[in-house]
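> my questions concern the predicted model and sequence given below.
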Number of protein chains: 2
Amino acid sequence: MTNNSKKSYLELTKKWHRFAVLSDAIAMLSWDRQAIMPSGSGAARAEQIAILSVLKHEELTDPLTLELVDKADTAELGDIEKKNLFEIRRIYRHAAALSPKLVEEHSRACATCEGQWQLARKENNFQVVAGSLGEVVKLTRQIAAIKAETFKSNSYDSLLDEYEPGGASAQIDAIFALLEPALQKLLPEVIEYQADIDFPTYPTPVPIQNQKSLGQIIMKALGFDFLKGRLDTSVHPFSGGTPDDVRITTRYNENDWTSSLMGVIHETGHALYEQGLPSRWRGQPVGSARGMVVHESQSLLMEMQVCRSPEFFKFLAPIIEKEFMVQGDQWKAEELSNNSRRVTPNFIRVDADEITYPLHIILRYKLEKALVCGDLSVADLPDAWNEAFESSFGTRPPDDLQGCLQDIHWYDGAFGYFPTYTLGALAAAQLFSAARKDHPDILAQISKGHFSTLLNWLRKNVHSIGSALSTKEILIKATGSPLSITAFLEHLNSRYLGKASKNY
Amino acid sequence: MTNNSKKSYLELTKKWHRFAVLSDAIAMLSWDRQAIMPSGSGAARAEQIAILSVLKHEELTDPLTLELVDKADTAELGDIEKKNLFEIRRIYRHAAALSPKLVEEHSRACATCEGQWQLARKENNFQVVAGSLGEVVKLTRQIAAIKAETFKSNSYDSLLDEYEPGGASAQIDAIFALLEPALQKLLPEVIEYQADIDFPTYPTPVPIQNQKSLGQIIMKALGFDFLKGRLDTSVHPFSGGTPDDVRITTRYNENDWTSSLMGVIHETGHALYEQGLPSRWRGQPVGSARGMVVHESQSLLMEMQVCRSPEFFKFLAPIIEKEFMVQGDQWKAEELSNNSRRVTPNFIRVDADEITYPLHIILRYKLEKALVCGDLSVADLPDAWNEAFESSFGTRPPDDLQGCLQDIHWYDGAFGYFPTYTLGALAAAQLFSAARKDHPDILAQISKGHFSTLLNWLRKNVHSIGSALSTKEILIKATGSPLSITAFLEHLNSRYLGKASKNY
């Protein structure tokens, strides 16, 4: 590294530090807005976030940034420095590709559309939001086209890249082409298999205070560091904050204690990833989470792989007895475990079980690809949705509220995000399978409430890598293979049809 | 206003808007740090606040700011525009007077000193912090000298100006020279007068939940807008946030319900001022609170003038009976009111009653003036404190923990802040007296729980003025006179010696 390139690299690091810290500040203010902000201060908060975003954008798209990247980029660079430059260049190009005018138009169109979507839901009438969504889709197509040109990729991939850097629809197409028929074959088998199972019911309401206390106990057991994070309440559960201050939320329903607990566990998975990111690279691109596929793999590994296992319920049952002050057969480990495996196809994605969830995602992925590349018009969306749903699930949504109006994502402008849910579920199965191969006693340990072997494995193989490897590289290094549906299908067969899984 | 000066003014407004919004973002992040942040994320949060402060400082001290002020400053300016320019120039000069190096040294010295102060308190040993405080005082003297040169004022006034714009030690000297002997005459009279009073005791512990609920009821009654603010818990009660999102905190003690309630009422007074600031000038200097004297006048007006009046306790007693589920003589209005008037001299300022509180402040004011102008050395501070205390209260603190180590202010670098507490108490008495002159039935209304006449009077005469008038102008316009001790002494005589107050 020449003196000049070293100097440029250091200057770039300083610039990026400001950019990263501004992002952190925005993250904290956004958490506050969603979790505890009084409703009347929305406009003032929006202004704060907008001004910080402008400053962040100015910091990033300053032409000096690219100049410094170019000057710093010499052959003698170390590996980490190379990764940092690669990521800075990628993020710079996302930001600089679009004119400020287009960014502003798109941002305004999304805000309008989200408002109209709320209205459309209230009136159960897609027409209310059709015009606004049309505008969002029009601008999204423009953005996708410009970015495709910049990144020499196709439109959809250029959007996907913001959520899953390096993600490719060709790969997703190939995976989903195997997954969809496999699930459609599995689903009726599971429904038939479960027909004889007598699922337990939990009529006793559980006070919120006890649910909260249980959630905190499980968070601690899983390894959440409360010195660097919080648990709060919000309408929609989410993870927010920064790696040094991870804030997760859940919602409580006295008549459904499983929902708040599984929400807490899911968000704890996300939080453990953030808390395990390499602190020595904090504020550098390589120190950040890799992308939404790895992120979702961490939440789903905890929620689906670990905490719906019979072994987890062995650990959980006596704690529940004590914390909820309950007794009876339905609170025994086996019944709790049974209950967590119930498969019931449903029109609504967020209520879906582990088997049907990916079918919901595949449907949305196909439709959003068609919307972005212009094969589907907004006017035709409701019918296209209902037909796709019928062909996948065999029933037709009775209205758009249970159809194409159910999710916020497209209406607030997030195209290219949906597939990461299911890719994350596949990755979770693959990673957990690999962890058990490395440590065959992980599930036995979990039944005793010991999660450290698992957490250490995740810390080493996923969390501590940050963005120093790509999603694909992380998976290959940790599991020996690129992403595939094998581990996920084995897992579903084992959990839902009692078919013996591979011996480890 | 010429076209050029109009253009400059508009550009300046835009610059200032960014500055103001950055200040708001910092305020929210600081509230979070003090109220709910997990302890392990302090370093990351400090970095966020530091970077935003640097950006804010860059925005302000950009030489273009002063250039734009000069270009905009023409004779044809409207009144509000003139006030805005005046304030921008004042704040610019405070910021630009000091070299970044001096600011950084001072900021580091204060942080170190605050840490040493914690240690010194733990060990009850002033020597532990003497060196650090010496460094803070040395840098404070440098800063004061530079600013005195910039503002053509004396050292102390140049520091005072940051907390109380336009404040002058000559005026404070004159006021305190009258107030101190008056209080020293009053204090023994009150103690003798109260010797026969049988003060009630409240041995029943009151659960925190009930105290919180009472606090919220009283906040609402006083006029606090929960759509634009919150009540939370913290170790040290404070007001934070922004005018559109005012956040107050209190602390709860099951065995002392009066402390949390009076804390809530005090902070509500601050909050009502913030919530009443003119929204049409939001983000402009004239739209901000005038300074600490007016701010403290608003909290003390609510806490001391209004909510320790016999009429307030008439309103409060039945609510307490219901919320605390208590009964008995000590919970009747008269006894509650009696209890709130108890005068007991004490070494500790924050535990002081309404009469001795100003004596604590006068002591600190004299000492900090001497420290700033070089008449008192840090080494001599403990003795100087103890002598001043003895001459004022007749007893000598047994140690420095109950003497010069008790307050954080000097140790974190706040010189010139203390007198605003007592000036605020005087202003509170004067304003409340004027409000009752304008509306003789205010206290009768309060006994029925109606606070709107009072609040509307404050909105009109104080809150809605923002910084468009000086503290002096606000007082003269609202009460007919500049700040004096008359109303305060009348109030103390009436409340604590039962001497008839003026007829209104």
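Received, thanks. Residues are numbered from 1 along each chain as shown, chains lettered A, B, ... in the order given.
> close to chain B: what parts of the stretch 201-350 of chain A are there?
Residues of the stretch 201-350 of chain A lying close to chain B (Cβ under 8 Å from any Cβ of the partner chain) are A:Asp225, A:Phe226, A:Leu227, A:Lys228, A:Gly229, A:Arg230, A:Thr242, A:Pro243, A:Asp244, A:Asp245, A:Arg282. For every residue, glycine as well, the C-beta is placed using N, CA and C.
> for ChimeraX, what selects the buried ones among those?
Remark: buried members of these, expressed as a ChimeraX selection using 16 or more other Cβ atoms under 10 Å in any protein chain shown:
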select /A:225,228,229,230,242,243,244,245,282
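> only C-alpha atoms, please: export stretch A:308-317 in PDB.
Backbone C-alpha positions of stretch A:308-317 (Å, rounded to 0.1, in the frame of the first residue of the first chain) are rendered in PDB as follows:
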ATOM      1  CA  ARG A 308     -39.900 -25.500  18.300                       C
ATOM      2  CA  SER A 309     -37.800 -28.600  18.900                       C
ATOM      3  CA  PRO A 310     -39.000 -31.200  21.400                       C
ATOM      4  CA  GLU A 311     -35.800 -30.600  23.300                       C
ATOM      5  CA  PHE A 312     -36.500 -26.900  23.800                       C
ATOM      6  CA  PHE A 313     -39.900 -27.600  25.200                       C
ATOM      7  CA  LYS A 314     -38.300 -30.000  27.800                       C
ATOM      8  CA  PHE A 315     -36.300 -27.000  29.000                       C
ATOM      9  CA  LEU A 316     -39.300 -24.600  28.700                       C
ATOM     10  CA  ALA A 317     -42.100 -26.700  30.400                       C
END
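> now do the strands in the stretch 151-300 of chain A.
Ranges of strands in the stretch 151-300 of chain A, per DSSP state E, counting those that start in this stretch, are A:229-233, A:239-242, A:245-250.
> and stretch A:132-139, which residues are buried?
For stretch A:132-139, the neighbour count (16+ other Cβ under 10 Å) marks A:Ser132, A:Leu133, A:Gly134, A:Glu135, A:Val136, A:Val137, A:Leu139 as buried.
> sorry, back to before: could you single out the most deeply buried of the strands of the stretch 151-300 of chain A?
strand A:245-250 (a mean of 26; mean count of other Cβ atoms under 10 Å in any protein chain shown).
> give the pairing partners of it; include direction for each.
Sheet pairing of strand A:245-250 (DSSP bridges) gives strand A:229-233 (parallel), strand A:239-242 (antiparallel).
> can you tell which of those is closest to A:Leu261?
strand A:229-233 (11.8 Å; Cβ to Cβ).
> mind checking the pLDDT average for that closest one?
Strand A:229-233 shows a mean pLDDT of 96.
> got the contact list for that strand?
Applying Cβ atoms under 8 Å, 6 or more residues apart in numbering or on different chains, the external contacts of strand A:229-233 come out as A:35-36, A:212, A:215-216, A:219, A:241, A:245-252, A:264, A:271, A:275, B:36, B:38.
> stretch A:208-221 too?
Here stretch A:208-221 has contacts from A:226, A:231, A:250, A:252, A:254, A:257, A:260-261, A:264-265, A:268, A:307, A:315-316, A:319-320, A:323-325, A:449, A:451, using Cβ under 8 Å, 6+ apart.
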